[in-house]
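In: Please work out how this folds:
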Amino acid sequence: MQFDVLTLFPEMFSSLNESIIGRAKKNKQININLVNIRDFARNKHNKVDDTPYGGGAGMVMMPDVVYRAYESLNNKDNAKVIYMSPQGKTLNQKKVVELSKENHLIILCGHYEGIDQRVLDKIVDEEISIGDYVLTGGELPAMVLIDSVSRYVEGVLSDDSIKEESFSNGLLEYPQYTRPEVFEGMKVPEILLSGNHGEIDKWRKNQALEITKKKRPDLLLNK
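Out: Numbering: from 1, shown residues only. A predicted model of the protein is given here:
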């Protein structure tokens, strides 16, 4: 999958070189192309923002600079353009899986007081939020989107890993245990040591249901 990210702060994305996402990049299962919007400014000080018409606090990113950055991308006609915005629909697992079926995502990161509405109207297909709160920019939400979507790209994770994790079947994941068998006086549940995989599966399903009832009962309303 191809990710093109339009941002004023490409250095922030260095964390995506680590762990599972970093390995997926090395294996060419995903490609992340970072485009610095500031490179497309055409003024002495590389200015990308200006005061809002009508007055108000803060600065607004200028449409022409953003549009030139967008126009520099290859194969953009068949890509889906996403603007990371607190006004967008909240990201959930269903949307993550849906986006993982795309071949090419262009992610636009706003900053300051946002981006001139005219360029958003011209290029953006969908606005996505990662929660009902405001951050200083769209870079962290963009990283969340890339991380969550990449995990569903073929070959990045095993099918079993995806199938059993939280939200994959509408429930939270069952608790996990590893060595040592006894930690601070607490033992691993005996069923997990039994070798009876049928009973272990049944126990895990029951645990997932109980944990969901306790922590996120709202998820059960949709089942």
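In: Other residues contacting the longest helix seen in the chain?
Out: Once the chain is assigned using DSSP state H, the helix that runs over the most residues is helix 197-215. Residues from elsewhere that reach helix 197-215, judged by CB atoms under 8 Å, 6 or more residues apart in numbering: N169, L171, L172, E173, Y174, P175, P189, I191, L192, S194, L219, L220. Just so you know, the C-beta spots here come from the backbone N, C-alpha and C atoms, and that holds for glycine as well.
In: From T136, how far off is the third one?
Out: To tie it back to what came earlier, the one meant is L172. Computed as CB to CB, to the nearest Å, the L172 to T136 distance reads 30 Å.
In: Likewise for the second one?
Out: When distances are taken as CB to CB, L171 and T136 turn out to be 34 Å apart.
In: Show me which of the two is the more surrounded one.
Out: The neighbour comparison of L171 against T136 (other CB atoms under 10 Å) goes to L171, with 20 against 9.
In: check which helix or strand covers K95.
Out: Here K95 sits within helix 93-100, counting by DSSP states H and E.
In: Each with direction, which strands does the helix or strand just after that helix pair with?
Out: Downstream of helix 93-100, the first helix or strand assigned by DSSP H and E is strand 104-109. Looking at strand 104-109 with DSSP bridges, its partner strands are strand 2-7 (parallel), strand 80-90 (parallel).
In: Tell me which of those strands sits most buried.
Out: Ranked by mean neighbour count, these are led by strand 2-7 with a mean of 23 (mean count of other CB atoms under 10 Å).
In: Quick check: which of the strands paired with strand 104-109 is nearest to L140?
Out: Nearest to L140 among the strands paired with strand 104-109 is strand 80-90; the distance by CB to CB comes to 8.6 Å.
In: Next, find the distance separating G195 from V97.
Out: G195 sits 33 Å away from V97, taking CB to CB as the criterion.
In: Of the two, which one has the most company?
Out: V97 (16 against 8).
In: Find the nearest non-adjacent residue to that one, please.
Out: Nearest residue to V97, sequence neighbours excluded (CB to CB, 6 or more residues apart in numbering): Y152, at 5.7 Å.
In: export the helix or strand of the chain with the lowest mean pLDDT as CSV, just CAs?
Out: Here the helix or strand of the chain ranked lowest by mean pLDDT, DSSP states H and E is helix 159-163, holding a mean of 73. Below are the C-alpha coordinates for helix 159-163, written out as CSV (Å, rounded to 0.1, in the frame of the first residue of the first chain):
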residue,chain,number,x,y,z
ASP,A,159,-4.2,-13.8,9.9
ASP,A,160,-4.5,-15.3,13.4
SER,A,161,-3.0,-12.2,15.0
ILE,A,162,-5.7,-10.0,13.4
LYS,A,163,-8.6,-12.4,13.9
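In: what does it rub up against?
Out: Contacts of helix 159-163 (CB under 8 Å, 6+ apart): R151, Y152, S168, N169.
In: I'd like the distance from that helix to the chain centre, please.
Out: Taking the mean of its C-alpha atoms, helix 159-163 sits 18 Å from the chain's own mean (CA atoms, centre = their mean, to the nearest Å).
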